[in-house]
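Colleague: Show me the folded form of this:
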Amino acid sequence: MAHAPIDKPSVTEQVRRAAAGDKEAWEGLLNEHRARLRKMVAVRLDRRLQGRLDPSDVLQEAFLDATAGLPAFAARQEMPFFLWLRWLTGLRLTTLHRKHLRYQIRDAGREVSLERAGLPGASSAALAAHLLGRESSASAIAMRLERKARVQQAIDALEPLDREVLILRHFEELTNIEVAQTLEIQEAAASKRYVRALRRLKVALSAMPGGSVEFRP
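Modeller: Next comes the predicted model:
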(Lines give C-alpha, C1' and ligand atoms only; values in the text may rest on other atoms or scores of the structure.)
Protein backbone atom coordinates (compact mmCIF):
# COMPACT_ATOMS: atom_id res chain seq x y z
CA MET A 1 0.00 0.00 0.00
CA ALA A 2 1.47 3.31 -1.06
CA HIS A 3 2.05 5.89 1.62
CA ALA A 4 0.75 9.43 1.15
CA PRO A 5 3.55 11.96 0.60
CA ILE A 6 4.51 14.00 3.63
CA ASP A 7 4.07 17.72 3.01
CA LYS A 8 7.19 19.78 3.53
CA PRO A 9 6.83 22.30 6.38
CA SER A 10 6.37 25.91 5.31
CA VAL A 11 9.29 28.28 5.64
CA THR A 12 7.50 30.01 8.50
CA GLU A 13 7.17 26.69 10.31
CA GLN A 14 10.80 25.78 9.61
CA VAL A 15 11.92 29.13 11.01
CA ARG A 16 9.79 28.58 14.10
CA ARG A 17 11.28 25.13 14.62
CA ALA A 18 14.82 26.38 14.07
CA ALA A 19 14.34 29.21 16.55
CA ALA A 20 13.08 26.64 19.07
CA GLY A 21 16.34 24.72 18.77
CA ASP A 22 15.71 22.31 15.88
CA LYS A 23 19.19 22.12 14.35
CA GLU A 24 18.04 19.96 11.45
CA ALA A 25 15.43 22.53 10.46
CA TRP A 26 18.00 25.33 10.65
CA GLU A 27 20.60 23.48 8.60
CA GLY A 28 17.93 22.67 6.04
CA LEU A 29 16.98 26.34 5.68
CA LEU A 30 20.59 27.44 5.26
CA ASN A 31 21.45 24.68 2.79
CA GLU A 32 18.38 25.45 0.70
CA HIS A 33 19.62 28.98 0.01
CA ARG A 34 23.38 28.44 0.07
CA ALA A 35 23.86 28.20 -3.71
CA ARG A 36 21.98 31.41 -4.51
CA LEU A 37 23.72 33.33 -1.75
CA ARG A 38 27.10 32.09 -2.93
CA LYS A 39 26.37 33.48 -6.40
CA MET A 40 25.44 36.81 -4.87
CA VAL A 41 28.73 36.98 -2.99
CA ALA A 42 30.77 35.82 -5.97
CA VAL A 43 29.42 38.52 -8.28
CA ARG A 44 29.76 41.30 -5.67
CA LEU A 45 33.11 40.33 -4.11
CA ASP A 46 35.69 43.00 -4.95
CA ARG A 47 38.19 41.58 -7.44
CA ARG A 48 41.06 42.80 -5.24
CA LEU A 49 39.96 40.29 -2.61
CA GLN A 50 39.83 37.30 -4.92
CA GLY A 51 42.38 34.84 -3.63
CA ARG A 52 42.17 36.33 -0.15
CA LEU A 53 38.49 35.67 0.46
CA ASP A 54 36.27 32.92 -0.87
CA PRO A 55 32.49 33.25 -1.08
CA SER A 56 32.26 30.28 1.28
CA ASP A 57 34.18 32.27 3.91
CA VAL A 58 31.68 35.11 3.63
CA LEU A 59 28.73 32.73 3.90
CA GLN A 60 30.20 31.04 6.95
CA GLU A 61 30.35 34.35 8.81
CA ALA A 62 26.94 35.45 7.52
CA PHE A 63 25.36 32.22 8.74
CA LEU A 64 26.84 32.83 12.19
CA ASP A 65 25.20 36.26 12.12
CA ALA A 66 21.93 34.65 11.06
CA THR A 67 22.12 32.10 13.86
CA ALA A 68 22.57 34.87 16.41
CA GLY A 69 19.73 36.93 14.95
CA LEU A 70 17.30 34.07 14.36
CA PRO A 71 15.23 34.45 17.58
CA ALA A 72 14.52 38.12 16.86
CA PHE A 73 13.67 37.38 13.22
CA ALA A 74 11.41 34.47 14.12
CA ALA A 75 9.46 36.64 16.55
CA ARG A 76 8.47 39.08 13.79
CA GLN A 77 9.26 37.64 10.34
CA GLU A 78 8.66 41.05 8.78
CA MET A 79 10.30 40.03 5.51
CA PRO A 80 10.76 36.77 3.57
CA PHE A 81 13.39 34.52 5.13
CA PHE A 82 15.59 34.36 2.05
CA LEU A 83 15.69 38.15 1.67
CA TRP A 84 16.58 38.47 5.36
CA LEU A 85 19.39 35.96 4.93
CA ARG A 86 20.56 37.73 1.78
CA TRP A 87 20.51 41.07 3.62
CA LEU A 88 22.69 39.68 6.42
CA THR A 89 25.07 38.19 3.86
CA GLY A 90 25.33 41.57 2.14
CA LEU A 91 26.09 43.31 5.44
CA ARG A 92 28.81 40.77 6.19
CA LEU A 93 30.28 41.21 2.70
CA THR A 94 30.33 44.99 3.15
CA THR A 95 32.06 44.61 6.52
CA LEU A 96 34.73 42.36 5.03
CA HIS A 97 35.27 44.79 2.15
CA ARG A 98 35.86 47.61 4.62
CA LYS A 99 38.13 45.50 6.77
CA HIS A 100 40.36 44.29 3.96
CA LEU A 101 40.26 47.38 1.74
CA ARG A 102 40.49 49.98 4.52
CA TYR A 103 37.17 51.56 3.56
CA GLN A 104 38.21 52.09 -0.07
CA ILE A 105 35.14 50.30 -1.37
CA ARG A 106 34.82 51.87 -4.79
CA ASP A 107 37.18 51.82 -7.74
CA ALA A 108 36.88 52.62 -11.43
CA GLY A 109 35.26 49.29 -12.26
CA ARG A 110 32.77 49.05 -9.41
CA GLU A 111 29.34 50.53 -8.79
CA VAL A 112 27.28 50.88 -5.65
CA SER A 113 24.12 48.79 -5.51
CA LEU A 114 20.84 50.65 -5.75
CA GLU A 115 19.49 48.76 -2.76
CA ARG A 116 18.90 50.77 0.39
CA ALA A 117 21.04 48.27 2.29
CA GLY A 118 24.04 49.71 0.43
CA LEU A 119 25.46 46.35 -0.64
CA PRO A 120 28.63 46.30 -2.72
CA GLY A 121 27.73 46.61 -6.36
CA ALA A 122 28.73 44.16 -9.05
CA SER A 123 31.35 45.41 -11.50
CA SER A 124 30.78 45.03 -15.21
CA ALA A 125 34.08 43.09 -15.32
CA ALA A 126 32.75 40.57 -12.79
CA LEU A 127 29.47 40.23 -14.67
CA ALA A 128 31.23 39.71 -17.99
CA ALA A 129 33.49 37.08 -16.45
CA HIS A 130 30.49 35.19 -15.08
CA LEU A 131 28.80 35.29 -18.47
CA LEU A 132 31.76 34.10 -20.50
CA GLY A 133 33.25 31.46 -18.21
CA ARG A 134 36.84 30.32 -18.64
CA GLU A 135 38.96 29.47 -21.65
CA SER A 136 42.25 27.58 -21.78
CA SER A 137 43.85 27.89 -25.22
CA ALA A 138 45.75 31.03 -26.23
CA SER A 139 43.45 31.75 -29.18
CA ALA A 140 40.35 31.22 -27.04
CA ILE A 141 41.71 33.52 -24.34
CA ALA A 142 42.38 36.27 -26.89
CA MET A 143 38.84 35.94 -28.24
CA ARG A 144 37.46 35.92 -24.70
CA LEU A 145 39.21 39.21 -23.87
CA GLU A 146 37.63 40.86 -26.90
CA ARG A 147 34.22 39.42 -26.01
CA LYS A 148 34.61 40.48 -22.38
CA ALA A 149 35.26 44.09 -23.42
CA ARG A 150 32.10 44.04 -25.56
CA VAL A 151 30.04 42.57 -22.73
CA GLN A 152 31.32 45.16 -20.26
CA GLN A 153 30.50 47.96 -22.66
CA ALA A 154 26.99 46.62 -23.19
CA ILE A 155 26.35 46.23 -19.46
CA ASP A 156 27.67 49.71 -18.68
CA ALA A 157 25.31 51.17 -21.29
CA LEU A 158 22.24 49.93 -19.41
CA GLU A 159 20.27 52.25 -17.16
CA PRO A 160 21.37 51.77 -13.51
CA LEU A 161 18.05 50.31 -12.37
CA ASP A 162 17.79 48.02 -15.41
CA ARG A 163 21.33 46.86 -14.72
CA GLU A 164 20.54 46.10 -11.09
CA VAL A 165 17.40 44.19 -12.03
CA LEU A 166 19.42 42.15 -14.51
CA ILE A 167 21.99 41.35 -11.83
CA LEU A 168 19.35 40.28 -9.33
CA ARG A 169 17.32 38.20 -11.77
CA HIS A 170 19.96 36.67 -14.01
CA PHE A 171 23.03 36.35 -11.80
CA GLU A 172 21.56 36.06 -8.30
CA GLU A 173 18.50 34.17 -9.54
CA LEU A 174 15.98 36.15 -7.49
CA THR A 175 12.37 35.81 -8.50
CA ASN A 176 10.53 38.80 -9.91
CA ILE A 177 8.68 39.19 -6.59
CA GLU A 178 11.97 39.12 -4.66
CA VAL A 179 13.49 41.73 -6.97
CA ALA A 180 10.50 44.01 -6.49
CA GLN A 181 10.71 43.64 -2.71
CA THR A 182 14.47 44.16 -2.67
CA LEU A 183 14.40 47.32 -4.81
CA GLU A 184 11.04 48.48 -3.43
CA ILE A 185 9.41 48.79 -6.84
CA GLN A 186 6.23 47.33 -8.33
CA GLU A 187 6.37 43.75 -9.61
CA ALA A 188 5.22 44.88 -13.04
CA ALA A 189 8.02 47.44 -13.17
CA ALA A 190 10.61 44.85 -12.14
CA SER A 191 9.43 42.45 -14.84
CA LYS A 192 9.37 45.17 -17.52
CA ARG A 193 12.86 46.35 -16.67
CA TYR A 194 14.27 42.83 -16.72
CA VAL A 195 12.84 42.08 -20.16
CA ARG A 196 14.07 45.45 -21.44
CA ALA A 197 17.57 44.91 -20.06
CA LEU A 198 17.80 41.46 -21.66
CA ARG A 199 16.59 42.82 -25.00
CA ARG A 200 19.07 45.69 -25.04
CA LEU A 201 21.94 43.46 -24.00
CA LYS A 202 21.11 40.89 -26.68
CA VAL A 203 20.98 43.58 -29.36
CA ALA A 204 24.31 45.03 -28.24
CA LEU A 205 25.97 41.61 -28.31
CA SER A 206 24.34 40.25 -31.46
CA ALA A 207 27.34 41.11 -33.64
CA MET A 208 29.92 39.92 -31.11
CA PRO A 209 32.86 38.01 -32.63
CA GLY A 210 32.50 34.31 -31.98
CA GLY A 211 28.77 34.49 -31.36
CA SER A 212 26.65 36.29 -28.81
CA VAL A 213 26.14 35.28 -25.20
CA GLU A 214 22.98 33.31 -24.56
CA PHE A 215 20.54 34.56 -21.91
CA ARG A 216 17.69 32.52 -20.52
CA PRO A 217 15.09 34.55 -18.56
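
Colleague: Which residues does stretch 26-38 contact?
Modeller: Stretch 26-38 has contacts (Cβ atoms under 8 Å, 6 or more residues apart in numbering) with 11, 14-15, 18, 55-56, 59, 62-63, 66-67, 70, 81-82, 85-86, 89, 172-174. Using the backbone N, CA and C atoms, a C-beta is placed for each residue, glycine as well.

Colleague: For PyMOL, write the selection for the buried entries among the residues you listed.
Modeller: The buried subset of the contacts of stretch 26-38, as determined by 16 or more other Cβ atoms under 10 Å, is captured in PyMOL by this line:
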select buried, resi 14+15+18+55+59+62+63+66+70+81+82+85+86+89+172+174
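
Colleague: Now the residue positioned nearest the centre of the chain. Nearest residue, chain neighbours left out?
Modeller: By Cα atoms, centre = their mean, the mean C-alpha position of the chain lies nearest to Met40, the distance being 2.5 Å. Leaving out its chain neighbours, the residue that sits closest to Met40 by Cβ to Cβ, 6 or more residues apart in numbering is Glu172, at 4.7 Å.

Colleague: Now stretch 33-47: buried residues?
Modeller: His33, Arg36, Leu37, Arg38, Met40, Val41, Ala42, Val43, Arg44, Leu45, Asp46.

Colleague: so is the fourth one in a helix, a strand, or just coil?
Modeller: Each residue gets one of three states, and Arg38 gets helix by DSSP: H, G, I helix; E, B strand; the rest coil.
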